[in-house]
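S.K.: return a 3D structure for these sequence lines:
(chains A and B)
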Amino acid sequence: MKVLIIIPAYNEQENILGTVNKIKEYSEELDYIVINDGSTDNTEKILIENNINHIKLINNLGIGGAVQTGYKYAYENGFDIAIQFDGDGQHDINYVPNICEPILNGQADMVIGTRYLDKSSSKFQSTFMRRLGSNIISIFIKVFAGKKITDPTSGFRAVNKKVIEEFAKEYPKEYPEPESTVSLLVNGYKVEETPVNMNERTGGTSSIRLWKSVDYMVKVVLAIIIDSISLKRRRKK
Amino acid sequence: MQLSLRISLIIIMLIYLFCIAKSVKRKNMRIGYLVFWSIIGLLLIIALIVPNLVNNISRIVGFEIPLNMILSVAIFIILYLIFHLMTLISKEEKKNTLLIQEVSMLKKRVEDLEKKEE
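M.R.: So this is what the prediction gives:
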């Protein structure tokens, strides 16, 4: 069973080495690939100096394009499971077995690590506004794709071989997390959730402002509606 | 419209068509687009040369003032153009993404192979 951890990184010079070292400490057998999304800081230098397995995108693509590169790499190298893992130290490597388990059992094609399912396990529950946003997106996914996903914007997720192939071919670029979830659900894949612990960012800044998040919300909801309708149409044909 | 204004506008339009012809020669724009711009130029020249053409058309169609018709038509053409351009940009973006991904992956593969040889 070959497992690949995909770590997208854009200007993560403070965090990337720590994230990769934690993965190496956790297990020597886990394969990983860092996708350096055209960083303008010292990320690339750090990756080369520490001999970290990585792909340097020759231009900035955004999170969607970077993650898809990871799935393409997983597809070309015949990996059975790919795990998406943030480069900023938010995700906890100790939850990798939890997130892989439903895939190994054949219960799911994609597993999303969620902060909201089990209140006791996660120290970082995030702010009220973020939760409100997640809830609204959740409701729309439930209505248009037919399944309740409690943490649709979580970037900690594992997928099996079939989904790796699917994502290598086509992966949404604008709002990748909720959109990819909707497209899998509409296409009849099984998506499950498992509770995980998330840390607050250890360095760098997460720039989420009120107006920006309202703008994000509206566009994500529209994307969900458009995706689900157009995909259903295509399936009928 | 005064004759002098009419003549100067016709001259401007001729210069415009000349510029288009020059672009055709240099091949710095797709021929399809050049056809579009030449048709617009020709229509404007016809409207300037034929007396009362715009007035008559706008009366038949039902506009109260000819200017209204010209502005509406112009806005529709511009909206269409912007829509067309946005579609094109989105398509090009997709192609560009694919290109960046494939080139970056190839680069990594080549570097890995070079390391192995060493």
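S.K.: may I have the secondary structure class of the residue nearest the centre of chain B?
M.R.: Nearest to the geometric centre of chain B sits B:Y33, at 5.5 Å (C-alpha atoms, centre = their mean). Three-state call for B:Y33 (DSSP: H, G, I helix; E, B strand; the rest coil): helix.
S.K.: distance of it relative to chain A?
M.R.: According to C-beta to the nearest C-beta, to the nearest Å, B:Y33 and chain A sit 27 Å apart. Placement of C-beta: from N, CA and C, glycine included.
S.K.: what's the pLDDT at that residue?
M.R.: The model reports B:Y33 with a pLDDT of 84.
S.K.: again with A:T202
M.R.: Confidence score, pLDDT, at A:T202: 51.
S.K.: where exactly do the helices run in chain A?
M.R.: Per DSSP state H, chain A carries helices over the ranges A:16-26, A:43-49, A:63-76, A:96-104, A:128-145, A:161-169, A:176-186, A:210-236.
S.K.: out of these, nearest to B:K108?
M.R.: For B:K108, the closest of those is helix A:63-76, at 8.2 Å, according to C-beta to C-beta.
S.K.: return the residues in contact with the closest residue to A:L47 other than its chain neighbours.
M.R.: Counting by C-beta to C-beta, 6 or more residues apart in numbering or on different chains, A:L47 lies nearest to A:H54, which is 4.6 Å off, once chain neighbours are set aside. Going by C-beta atoms under 8 Å, 6 or more residues apart in numbering or on different chains, A:H54 touches A:I33, A:V34, A:I35, A:N36, A:L47, B:K108.
S.K.: what's the closest of those to A:G65?
M.R.: Proximity of the contacts of A:H54 to A:G65 (C-beta to C-beta) peaks at A:I35, which lies at 9.0 Å.
S.K.: for that closest one, give its distance to B:L34.
M.R.: Using C-beta to C-beta, to the nearest Å, one gets 41 Å for the distance from A:I35 to B:L34.
S.K.: what of A:K212?
M.R.: In this view, A:K212 and B:L34 are 41 Å apart by C-beta to C-beta.
S.K.: so which of these two has more stuff around it?
M.R.: Neighbour comparison, A:K212 and B:L34: the larger count goes to B:L34, with 16 against 10 (by other C-beta atoms under 10 Å in any protein chain shown).
S.K.: in this model B:S23 seems to touch that one, though I could be wrong.
M.R.: Yes: using C-beta atoms under 8 Å, B:L34 is in contact with B:S23, at 6.2 Å.
S.K.: what does chain A put close to chain B?
M.R.: Neighbours of chain B within chain A, by C-beta under 8 Å from any C-beta of the partner chain: A:54-59, A:61, A:65, A:68-69, A:72-73, A:76, A:173.
S.K.: could you turn the buried ones of those residues into a PyMOL selection?
M.R.: Buried residues within these, by 16 or more other C-beta atoms under 10 Å in any protein chain shown, are selected in PyMOL with:
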select buried, chain A and resi 54+55+56+57+61+65+68+69+72+73+173
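S.K.: now render the residues of chain A next to chain B as CSV, adding pLDDT.
M.R.: Output for these, formatted as CSV (pLDDT from 0 to 100):
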residue, pLDDT
A:H54, 93
A:I55, 95
A:K56, 94
A:L57, 95
A:I58, 94
A:N59, 92
A:L61, 93
A:G65, 94
A:Q68, 96
A:T69, 96
A:K72, 96
A:Y73, 96
A:E76, 94
A:K173, 88
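S.K.: what residues does A:I48 make contact with?
M.R.: Applying C-beta under 8 Å, 6+ apart, no residues qualify as near A:I48.
S.K.: in the lowest-mean-pLDDT helix or strand in chain A, what's buried?
M.R.: The weakest-scoring helix or strand in chain A, judged by mean pLDDT, DSSP states H and E, is helix A:210-236 (a mean of 80). Neighbour-count burial for helix A:210-236, counted by 16+ other C-beta under 10 Å, picks out A:M217, A:V220, A:V221, A:A223, A:I224, A:D227, A:S228, A:L231.
S.K.: list the buried ones in stretch A:35-52?
M.R.: Neighbour count says stretch A:35-52 has A:I35, A:N36, A:D37, A:G38, A:S39, A:T43, A:E44, A:I46, A:L47, A:I52 buried, by 16+ other C-beta under 10 Å.
S.K.: tell me the one among those nearest to A:Y26.
M.R.: A:Y26 lies nearest to A:I52 out of the buried residues of stretch A:35-52, by C-beta to C-beta, at 15.0 Å.
S.K.: what about the closest one, distance to chain B?
M.R.: Between A:I52 and chain B the computed distance is 12 Å (C-beta to the nearest C-beta).
S.K.: isn't that residue right up against A:V34?
M.R.: Yes: using C-beta under 8 Å, A:I52 is in contact with A:V34, at 5.8 Å.
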